[in-house]
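In: below are the sequence and a predicted model for it; my questions follow.
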Amino acid sequence: MNNYIPAPVDTSDIKLPDELLPLIEEMARNVHEVWSQNRIRDGWTYGPERDDVNKKHPCLVRYDDLPESEKEYDRATSQETLKLILKSGFKISKT
């Protein structure tokens, strides 16, 4: 039995500054690109349905062509990453 219980850092008290909001989409796009690159490197190709045996995945498409639900997953990951950076005491600034 797996007794793993996820315990992410609570970032609910962190509000992202408005100037970081466009970064969420840019990061989400990049998260997808890195994921895709790794899958392709591991021998995966596009398929209309996920097939782990034959290494086919329907999300091996351009970010713009992903279903909105998949984009939201990448956005949530990006947003939580930014919140963790701020909660950890770092500052994010554009130079």
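Out: That came in fine, so what should we check first? Numbering: from 1, shown residues only.

In: shaky segments in this structure?
Out: The chain contains no residues with pLDDT under 70.

In: where exactly do the strands run in it?
Out: 45-46, 56-57 (DSSP state E).

In: give me the distance between residue 86 and residue 12.
Out: Separation of residue 86 from residue 12 (Cβ to Cβ, to the nearest Å) stands at 13 Å. Just so you know, the C-beta spots here come from the backbone N, C-alpha and C atoms, and that holds for glycine as well.

In: need the contact list for residue 31.
Out: 74, 77-78 (Cβ atoms under 8 Å, 6 or more residues apart in numbering).

In: same deal with residue 83?
Out: Counted by Cβ under 8 Å, 6+ apart, residue 83 has contacts 11, 14, 16.

In: tell me if I'm right that the second one and residue 86 touch.
Out: Just to be clear, that refers to residue 14. Yes. Contact criterion Cβ atoms under 8 Å: residue 14 and residue 86 qualify, at 5.3 Å.
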